[in-house]
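Asks: For reference, the sequence and a predicted model appear below.
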Amino acid sequence: MDSMSFVLFGGTGDLAKRKIYPALYNLFIDQKMPKSFSIIGLGRKEISDKEFQLQVKQSLQTFSRRALESDEKTQAFLESIRYHQLDITKKEGFLDLLNLVKKRELELNIPENRLFYLSVAPELFETIAFNIKDSGLGTTKGWKRLIIEKPFGRDLKSARDLNEKLSKSFNEDEIYRIDHYLGKPMVQNLEALELANPVLQALWNNQFIANVQITASETVGVEERAGYYDNAGAIRDMFQNHMLQLLMMTAMHLPKNVTTDEVRTEKRKVLEALRPMTKDEVTSHVVRGQYAAGEQNGKKLLGYKQEPGIDISSQNDTFVAARLWIDNSFWKGIPFYIRTGKRLKEKSTRIVFEFKNPMQDDLYKKRNELVGPNLLVIEINPSERVSFYLNSKNIDGKIEPVRADYLANAADQPEAYELLVHDAIRGDAKFFAHWKEVELAWQFVQPILEAFEENLTPLHSYKAGLFGPDASSQLLAEDGFKWWLDSDSEESDLSENKKLKRSI
Ligand SMILES: NC(=O)C1=CN([C@@H]2O[C@H](COP(=O)(O)OP(=O)(O)OC[C@H]3O[C@@H](n4cnc5c(N)ncnc54)[C@H](OP(=O)(O)O)[C@@H]3O)[C@@H](O)[C@H]2O)C=CC1
Ligand SMILES: O=C1O[C@H](COP(=O)(O)O)[C@@H](O)[C@H](O)[C@H]1O
C-alpha cells in the first residue's frame, strides 16, 4: 500500500472524532495503514499539535471499537498527526497547508500521494476542491483522491452543479463519495452471499421471489440536528442515498468479475430500470409520515414539531415508505418495498426476501395447517445475521416454521468507516457511490421531492415508538403482502423464537 498524506478538512468536527480517527487508529493497529503516513487535521481554532493529539486520543478513548493498545503503539499513531489552522474560505491559508504537507512528505520521505477528506458542511465542498487545485496541493507527482461526505446536493440540479464544480479539480476516478451503508459488513457481504451460494443465486429473481422489503428503522429522533434535518427530511437524509444504495446492492445482477467497474455498472443498471414516477403518481406509491408524541419503554417522547429547533408548523418527513418496480428481466412484476423512519419501535436495518408460496392452496390448507412463505432475512444492523425461514414438521406432525441461522460476531467486525477509509487508501472505489448512481438516484427522487414540497402527498402522523403510519402497511396490503418481522406483530414471534420450536 502506498505511503500517503491524509488531509482531513473538518478535523475538529463530530464525524472526525466519532468515526474517522477511530477508523484510522483501528486500521493502524491491524497493520492496514501504509508503512509511513502523515495525518493533518484542519480547523479554524488555534490548537498546538500536542493539544490536538490529546484531543484525538480522547476521541479514541471514547469512540474506538477496541480499547487503546499499549502506550507505545498509541503514541506512534498520535505522533503521525499534525494540526493546522485553516479557514477554508480564505484562499491564502491553502499555501501554508501545502507547505506543511510538503514538509511532512520530506520528513517522512513519502511520495506525494494525497488523500483529502472533506468532513465539513456541504456548502464548503466546492471552495475546498477549488482551493486544492488553485494552491497546487492537487498537483502531485503521486496520486490524489478526494473523499466527500454526504449530502451530495439537495436535489438533481444542485447535485449536478456540485459535480460539475468538483470535476474541475478531480477526475471521477479520484472522487470517493462516501455512503456509510456501503461500508456495513453485511452490505458488503451481499455479493458474496449470492456469488458463493448457487442455491441463492438460482432463487434471486422474480421466478421465486414474491417481494423484497428493505427497512431502515431508527429509534432516535431528530437529536441535535434540527437545522439540517428539517431541511432534508427522511427522503434526502436516508432514502435518496442509503436506501437506494441498499436497493442497488440487493437487486443488481452479479457481474462475471466482481471488479469495481463491473459492480458499479450493474448497480447503475438497477436504477436505470427503476420505473419512474410522475409527481402525480407519487401518492399511489409513496407514504410520507411525521412522528407525533408517543412513548417508548415507558418513556414519553416528544412529537417532531415539539423537538428543539423545529418549527411548530414543519411539514418535514421523518418517515418514508415506497413501492418500487424494477423493470428488467430479473425483477419485472416484483414489488420492492422500502421504508425508513425516525422514532420507530426498534433499530433495525434489514432486507427480507419473501418467496412465492405455491403451497398456500394445496393440501396443507385443506388440513388447516398454516404454511407461511419462506423468507430470507439479511439483518444488517444492529445484528449481522442471515436467516432462512423454512417450514418443518414438529413432534405432533404439524408444519411449523423453523429458522436456519448465521449470526456474525459483531464485536469482531470493523466499522463501516474503517472498511471505507481502508478502501480509499488502497484506491478501491467499489463501495463508494459513482456520480452516475448519485445522479440517477436524484433523478428518481426528484418528483417525490416535488410532490412533498407541493403537498400533493399527504403527511401521515404516526405515534413515536411504533411502526410508522398505517398507510405504510396499507401499501403492502394493497398487493396482498405485509411487512415481516415488525417486533410486536405476529411474525415477530417468529424472530423471538416464540413460535419457533426448533432452530436449525
Ligand atoms: N456527524 C455525523 O454523524 C455525520 C456527518 N456527516 C457529514 O459530515 C460532515 C461533517 O459533519 P460534522 O462533523 O457532524 O460537522 P461539525 O459541525 O461537527 O464539524 C464541522 C467541521 O468543519 C470545520 N469548519 C467549519 N467551517 C470551517 C471553515 N470555514 N474553515 C475551516 N474549517 C471549518 C469545523 O472546524 P472548526 O469549527 O474547529 O473551525 C469542524 O471541524 C457534514 O458534511 C455532514 O453532513 C455525515 C454523516 C454523519
Ligand atoms: O446518514 C445517516 O445515517 C444515520 C443512520 O445510520 P446507521 O448506521 O445508524 O443506520 C441516520 O441516523 C442519520 O440521520 C443519517 O444522516
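Replies: Noted; the coordinates are in hand. Ligands and ions are numbered 1, 2, ... in the order given.

Asks: Quick check: residues of this structure near ligand 1?
Replies: For the chain, the contact set with ligand 1 under CB under 6 Å from any ligand atom comprises 10-16, 43-45, 86-89, 119-122, 149-150. All C-beta spots, glycine's among them, are computed from the backbone N, C-alpha and C.

Asks: Local confidence estimate at the residue of the chain found nearest ligand 2?
Replies: Residue of the chain nearest ligand 2, by CB to the nearest ligand atom: Asp237 (4.7 Å). Per-residue pLDDT puts Asp237 at 97.

Asks: tell me which element the residue lying closest to it once chain neighbours are set aside is part of?
Replies: Nearest non-adjacent residue to Asp237, counting by CB to CB, 6 or more residues apart in numbering: Tyr229, 6.3 Å away. Taking DSSP states H and E as the criterion, Tyr229 maps to helix 226-234.

Asks: does the host helix or strand of Val287 come close to ligand 2?
Replies: Assigned by DSSP H and E, Val287 belongs to strand 286-292. No: using CB under 6 Å from any ligand atom, strand 286-292 never reaches ligand 2; the gap is at least 13.5 Å.

Asks: and that strand, what's its mean pLDDT?
Replies: Strand 286-292 comes out at a mean pLDDT of 98.

Asks: try stretch 409-425
Replies: 89.

Asks: Stretch 350-367 now?
Replies: Stretch 350-367 comes out at a mean pLDDT of 77.

Asks: With adjacent residues omitted, what lies nearest to Lys144?
Replies: Counting by CB to CB, 6+ apart, Arg114 is the residue found nearest to Lys144 once chain neighbours are left out, at 4.9 Å.

Asks: Look at that neighbour and say how many residues are nearby.
Replies: Neighbour count for Arg114, taken as other CB atoms under 10 Å: 24.

Asks: circling back to that earlier point, can you check what angle separates the strand holding Val287 from helix 226-234?
Replies: Counting by axes from the mean of the first three to the mean of the last three CA atoms, to 10 degrees, strand 286-292 lies at 150 degrees to helix 226-234.

Asks: Now do the longest helix along the chain against strand 286-292, angle only.
Replies: The longest helix of the chain (DSSP state H) is helix 435-453. Put simply, helix 435-453 runs at 70 degrees to strand 286-292, going by the same axes, to 10 degrees.

Asks: Using CSV, write out every CA atom in helix 435-453.
Replies: Presented in CSV, the C-alpha positions along helix 435-453 are these (Å, rounded to 0.1, in the frame of the first residue of the first chain):
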residue,chain,number,x,y,z
TRP,A,435,-21.6,10.0,-9.9
LYS,A,436,-23.9,8.2,-12.3
GLU,A,437,-25.5,6.4,-9.3
VAL,A,438,-26.0,9.6,-7.4
GLU,A,439,-27.4,11.4,-10.4
LEU,A,440,-29.8,8.6,-11.3
ALA,A,441,-30.9,8.4,-7.6
TRP,A,442,-31.7,12.1,-7.6
GLN,A,443,-33.4,11.8,-10.9
PHE,A,444,-35.7,9.1,-9.5
VAL,A,445,-36.3,11.0,-6.2
GLN,A,446,-36.9,14.5,-7.9
PRO,A,447,-40.7,14.0,-8.5
ILE,A,448,-41.1,12.7,-4.9
LEU,A,449,-39.4,15.8,-3.6
GLU,A,450,-41.7,18.0,-5.7
ALA,A,451,-44.8,16.1,-4.6
PHE,A,452,-43.8,16.5,-1.0
GLU,A,453,-42.9,20.2,-1.3
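
Asks: any idea of the angle the helix or strand following it forms with strand 286-292?
Replies: Sequence order places strand 459-463 as the next helix or strand after helix 435-453, per DSSP H and E. Angle of strand 459-463 versus strand 286-292, following the same axes, to 10 degrees, is 50 degrees.

Asks: Quick check: can you name the pairing partners of strand 459-463 and their directions?
Replies: Sheet pairing of strand 459-463 (DSSP bridges) gives strand 286-292 (parallel).

Asks: can you pull the buried residues of the helix or strand following the strand it pairs with?
Replies: Next helix or strand after strand 286-292 toward the C-terminus (DSSP H and E): strand 294-296. For strand 294-296, a neighbour-count test (16 or more other CB atoms under 10 Å) marks 294, 296 as buried.

Asks: Show the contacting residues for the most centrally placed residue in the chain.
Replies: Taking CA atoms, centre = their mean, the centroid of the chain lies closest to Tyr181, which sits 2.3 Å from it. Neighbouring residues of Tyr181 by CB atoms under 8 Å, 6 or more residues apart in numbering: 187, 241-242, 245-246, 349, 380, 416.

Asks: per-residue confidence for the residue nearest to Lys144?
Replies: Looking at Arg114, its pLDDT is 98.

Asks: Does it touch Leu8 like I think?
Replies: No: Arg114 lies out of contact with Leu8 (CB atoms under 8 Å); the separation is 11.7 Å.

Asks: SS state for the closest residue to ligand 1 within the stretch 301-450 of the chain?
Replies: Going by CB to the nearest ligand atom, ligand 1 is nearest to Tyr417 of the stretch 301-450 of the chain, at 9.6 Å. Recorded secondary structure, Tyr417: helix (DSSP: H, G, I helix; E, B strand; the rest coil).

Asks: wait, what's in contact with it?
Replies: With CB under 8 Å, 6+ apart, Tyr417 has these contacts: 19-20, 22-23, 180, 183.

Asks: cutoff 10 Å now
Replies: Residues in contact with Tyr417 (CB atoms under 10 Å, 6 or more residues apart in numbering) are 15, 18-24, 26-27, 178, 180, 183.

Asks: Below-threshold pLDDT in this protein: ranges please.
Replies: Residue ranges of the chain with pLDDT under 70: 359-370, 410-411, 488-504.

Asks: Near ligand 2, which residues of it? Just list them.
Replies: Checking the chain against ligand 2 by CB under 6 Å from any ligand atom, the hits are 216, 218, 237-238, 349, 381.

Asks: picking up where we left off before, name the residues contacting each of Arg114 and Leu8.
Replies: Ile40.

Asks: circling back: flag every buried residue along the longest helix of the chain.
Replies: Neighbour-count burial for helix 435-453, with 16+ other CB under 10 Å as criterion, is recorded at 435, 437-449, 451-452.

Asks: hang on, the earlier thing: can you pick out the most distant pair from the residues of the chain next to ligand 2?
Replies: Spanning the widest gap among these are Asp237 and Asn381, at 16.0 Å by CB to CB.

Asks: more neighbours, the two?
Replies: Asp237 (23 against 18).

Asks: does the more buried one really touch Thr318, like I thought?
Replies: Yes: with contact defined as CB atoms under 10 Å, Asp237 reaches Thr318; the gap is 9.2 Å.

Asks: who touches both of the two?
Replies: Common contacts of Asp237 and Thr318, defined by CB under 10 Å, 6+ apart, comprise 222, 229, 340, 342.

Asks: Alpha carbons of stretch 136-151, in CSV - could you do that?
Replies: C-alpha atoms of stretch 136-151 as CSV (Å, rounded to 0.1, in the frame of the first residue of the first chain):
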residue,chain,number,x,y,z
GLY,A,136,-1.0,23.5,-6.1
LEU,A,137,-2.0,21.0,-3.3
GLY,A,138,-3.6,18.9,-6.0
THR,A,139,-0.6,19.0,-8.4
THR,A,140,1.2,15.9,-7.2
LYS,A,141,3.8,13.6,-8.6
GLY,A,142,1.9,10.7,-7.0
TRP,A,143,-1.9,10.2,-6.8
LYS,A,144,-4.6,12.4,-5.3
ARG,A,145,-8.0,11.4,-4.0
LEU,A,146,-11.0,13.2,-2.6
ILE,A,147,-13.3,11.6,-0.1
ILE,A,148,-16.5,13.5,0.1
GLU,A,149,-19.2,13.2,2.8
LYS,A,150,-22.9,13.3,2.3
PRO,A,151,-25.2,15.1,1.4
